[in-house]
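Chemist: What follows is a predicted protein model with its sequence.
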There are 2 protein chains.
Amino acid sequence: MIGIFDSGIGGLTVVRAIENLIPDVSLLYFGDTAKTPYGTKSADIITEYSLRNCEFLVSKGAKILVVGCNSASSVATEIIRQEFKVPVLEVIGPAAKRAVSLSKSGRIGIIGTRATVGSGVYEQQIGMMNPSCRIFSVPCPLLVPLVEETWTAKRETKMILRRYLHPLRQQQVDTLILGCTHYPLLKELIQARMGRKVALIDSSVEVALSLRQLLSRSHPGTHCYQPVQHAFYLSDITKNAQKIATRLFGRPLEFLSP
Amino acid sequence: MIGIFDSGIGGLTVVRAIENLIPDVSLLYFGDTAKTPYGTKSADIITEYSLRNCEFLVSKGAKILVVGCNSASSVATEIIRQEFKVPVLEVIGPAAKRAVSLSKSGRIGIIGTRATVGSGVYEQQIGMMNPSCRIFSVPCPLLVPLVEETWTAKRETKMILRRYLHPLRQQQVDTLILGCTHYPLLKELIQARMGRKVALIDSSVEVALSLRQLLSRSHPGTHCYQPVQHAFYLSDITKNAQKIATRLFGRPLEFLSP
């Protein structure tokens, strides 16, 4: 059983990516909608919430933990690894690695929440992989509310994206990390604005690829003999969360209270 | 000592209004920034958080409670009144009363968060005061993040306001309740869009007027003999919260952890 948590429903893009790549594993999702968003909160509070979420997932039988939230991955991964004995995957490392391998010019852009960008974790990880890369990061705090309002095709959203992406265009990045699980829903608008030559890295897909690698290395085939069964928990089940979840996930989900 | 709570720092507009009208009372503020915003969450969760906030304020010596948050006022006031023996003021009733007394055409508009508008509480209260009023309400969930990004003069904000206010202009309301403590920061843009003839009701000012009335009736002058001393608590103290607080309040504040 793979346990995934996110500050809300954004991490469902990670679930979807895992389902696409590894259709034979069972997933346990916890979305902390009672405290969403994490991205505007402090590292201490995000860490406290993340540890509580992992405890819940492990108590429900998770054998691998996936931090399906960039903000939590940025500030809480190390402490989660210290506190829990199970393997812990997060969304920053795999995306950083892919960006370094794809970028030709070494000019890499990052967009994310205030917490993610403020943590400097992408800079740190990319710097360790290839110190010659130049990294340009922009906090985009309005994109999560815009996605949650399903304003993904509105003119206002295009204008706000233009403003946010302007410095990254000026810096001529050739690779852009979508450092928030909500952003894949804006992928087409972002691609159109950045130009077809800029490679967009989807952190949800990258962490799913990492998970597949981990499973094939350490648990080859063990999970195939279990019937696939997912469970989705939200700490606050609202109509709007269900609506956005359907949009993010591509099909309606039945949510449980923890 | 007057205790005020809000989901975050928006309630500081209530503190400011009270300070302006009643400069001789001491205020105790609690902003639940660790769980902000409330406006997108369920009534159950908002109620749970509100009760916890009131407990904190009463434990710190609050003798009157002010629910400085429209979302919490909408769904939790009744339960707070049941649970606590002190007088409880909230931001809905005073604004509704003012709107009914000011509106000539009886066509009243309301803008607020999803929780506030979804609760139908303004309709209910105005309906009881004057059943012939026609009420038109629009949830404006992007306005809080826009104010929190200090995008209060940006073109994008004007465009989003235009979209939100369009149905209220069409319905020719003559009175508009700013049903969220963040909105006074957008007052000029809203006034410009609605036209000078539309009366805007600021729920922060109205609750401060109510409080003044309550004090002059039930505690005449008792508070004048205490030295004025305010205290501001946030459940999560971030740089950004401090920045927005300074903007909302008009001067920098020193925040304490509860």
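Modeler: Great, that's in hand.
Chemist: how many other residues sit next to A:Ser73?
Modeler: A:Ser73 has 29 neighbouring residues, counting by other C-beta atoms under 10 Å in any protein chain shown. No exception for glycine: its C-beta is placed from N, CA and C like everyone else's.
Chemist: Kindly state the beta-bridge partners for the closest residue to it other than its chain neighbours.
Modeler: Computed as C-beta to C-beta, 6 or more residues apart in numbering or on different chains, the closest residue to A:Ser73 that is not its neighbour in sequence is A:Glu90, at 3.7 Å. In this entry, A:Glu90 is beta-bridged to A:Val67, by DSSP bridges.
Chemist: and if you look at A:Phe136?
Modeler: Listed by DSSP bridges, the beta-bridge partners for A:Phe136 are A:Gly109.
Chemist: Could you list the buried residues of the lowest-mean-pLDDT helix or strand in chain A?
Modeler: Using mean pLDDT, DSSP states H and E, helix A:239-249 stands out as the lowest-scoring helix or strand of chain A, at a mean of 86. By 16 or more other C-beta atoms under 10 Å in any protein chain shown, the buried positions in helix A:239-249 come out as A:240-242, A:244-245, A:248-249.
Chemist: With distance to A:Pro139 added, can I get the residues you listed in TSV?
Modeler: As requested, these are exported to TSV (distance: C-beta to C-beta, whole Å):
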residue	distance to A:Pro139
A:Asn240	24
A:Ala241	24
A:Gln242	28
A:Ile244	21
A:Ala245	25
A:Leu248	21
A:Phe249	26
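Chemist: any idea which of those residues is closest to A:Gln213?
Modeler: Checking those against A:Gln213 by C-beta to C-beta gives A:Phe249 as the nearest, at 23.7 Å.
Chemist: For A:Pro184, see how far away the closest one is.
Modeler: Distance, A:Phe249 to A:Pro184, using C-beta to C-beta, to the nearest Å: 11 Å.
Chemist: which neighbours do those two share?
Modeler: Listed as contacting both A:Phe249 and A:Pro184 by C-beta atoms under 8 Å, 6 or more residues apart in numbering or on different chains are A:Thr13.
Chemist: check the buried residues of helix A:239-249 against chain B, which are close?
Modeler: A:Asn240 (C-beta under 8 Å from any C-beta of the partner chain).
Chemist: Which of the buried residues of helix A:239-249 sits closest to chain B?
Modeler: Closest to chain B out of those is A:Asn240 (6.3 Å), distances taken as C-beta to the nearest C-beta.
Chemist: Give me the pLDDT value at A:Asp24.
Modeler: For A:Asp24, the pLDDT comes out at 88.
Chemist: Tell me how many other residues crowd it.
Modeler: By the measure other C-beta under 10 Å, the count of residues near A:Asp24 is 13.
Chemist: Pretty sure it sits against A:Pro227.
Modeler: No - assessed by C-beta atoms under 8 Å, A:Asp24 is found out of contact with A:Pro227, at 9.7 Å.
Chemist: what residues does chain A put near chain B?
Modeler: Residues of chain A lying near chain B by C-beta under 8 Å from any C-beta: A:33-36, A:40-42, A:44-45, A:114, A:141-142, A:145-146, A:148-149, A:151, A:155-156, A:159-160, A:163, A:235-238, A:240.
Chemist: Helix or strand: which one has the residue positioned nearest the centre of chain A?
Modeler: Residue closest to the average C-alpha location in chain A (C-alpha atoms, centre = their mean): A:Thr181, at 3.6 Å. Using DSSP states H and E, A:Thr181 falls within no helix or strand.
Chemist: how about it, what does it touch?
Modeler: Taking C-beta under 8 Å, 6+ apart, one finds A:6, A:10-14, A:68-70, A:91, A:203-204 in contact with A:Thr181.
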